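1. next input, structure requested:
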Amino acid sequence: MTDSDVAAEQPPVPNNSSRSVTLEGRDLLLVNRGGELFLYENNCPHANETLDPMGGSLSDASGDLIRCQRHGAEFLARTGECVAGPCLGEHLTAVAFTAVGTAIYLD
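-> Next comes the predicted model:
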């Protein structure tokens, strides 16, 4: 990887929280679950809209779940699987990435 490959330097996401980021023109959700990072398209499979119209973290206190602010759908942070709500059994779209320090590289 070279400096020109860096999609964006990101401020650290606190443990067991999440926040929206825009990388290479894509609306994404960066999730920190117990120190492990996950990246998903910021799009609810039920509503086909962003998960966080009000902004802020979508993670519950444990970091295990991501909660859609639109209809309350709950997704497992580690897999993106919907485990409660109107899109039960569907998944958030995972985005392949590499994190080096605070830099996020889309793969």
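2. ok, and the closest non-adjacent residue to residue 77?
-> Nearest residue to residue 77, sequence neighbours excluded (C-beta to C-beta, 6 or more residues apart in numbering): residue 33, at 4.1 Å. For the C-beta atoms, the positions are set from N, CA and C on the backbone; glycine is no exception.
3. per-residue pLDDT, that neighbour?
-> On the pLDDT scale, residue 33 is placed at 95.
4. now do residue 4
-> With respect to pLDDT, residue 4 has a value of 39.
5. can I get stretch 35-47 as CSV, trimmed to CA atoms?
-> Extracted C-alpha coordinates of stretch 35-47, given in CSV (Å, rounded to 0.1, in the frame of the first residue of the first chain):
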residue,chain,number,x,y,z
GLY,A,35,-11.5,-3.7,19.7
GLU,A,36,-12.2,-5.5,16.4
LEU,A,37,-13.3,-3.3,13.5
PHE,A,38,-16.0,-4.1,11.0
LEU,A,39,-17.2,-2.0,8.0
TYR,A,40,-20.6,-2.2,6.4
GLU,A,41,-22.6,-0.3,3.8
ASN,A,42,-24.7,2.2,5.7
ASN,A,43,-27.9,0.9,4.3
CYS,A,44,-30.7,-0.9,6.0
PRO,A,45,-31.9,-3.9,3.9
HIS,A,46,-35.4,-3.3,5.0
ALA,A,47,-35.8,0.4,4.2
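6. ok, now which ones touch the residue nearest to residue 77?
-> Contacts of residue 33 were listed using C-beta atoms under 8 Å, 6 or more residues apart in numbering, and they are 16, 59, 63, 64, 77, 78.
7. can you confirm the third one is in a strand?
-> Pointing back at residue 63 there. No. Counting by DSSP: H, G, I helix; E, B strand; the rest coil, residue 63 is not part of a strand but coil.
8. okay but it is in contact with residue 17, surely?
-> Yes. Assessed by C-beta atoms under 8 Å, residue 63 is found in contact with residue 17 at 7.1 Å.
9. give me the more crowded residue out of these two.
-> Between residue 63 and residue 17, counted using other C-beta atoms under 10 Å, residue 63 has the larger neighbour count: 21 against 17.
10. ok, and the closest non-adjacent residue to the more buried one?
-> Residue nearest to residue 63 in three dimensions, not counting chain neighbours: residue 16, with 2.9 Å by C-beta to C-beta, 6+ apart.
11. many thanks, have a good one.
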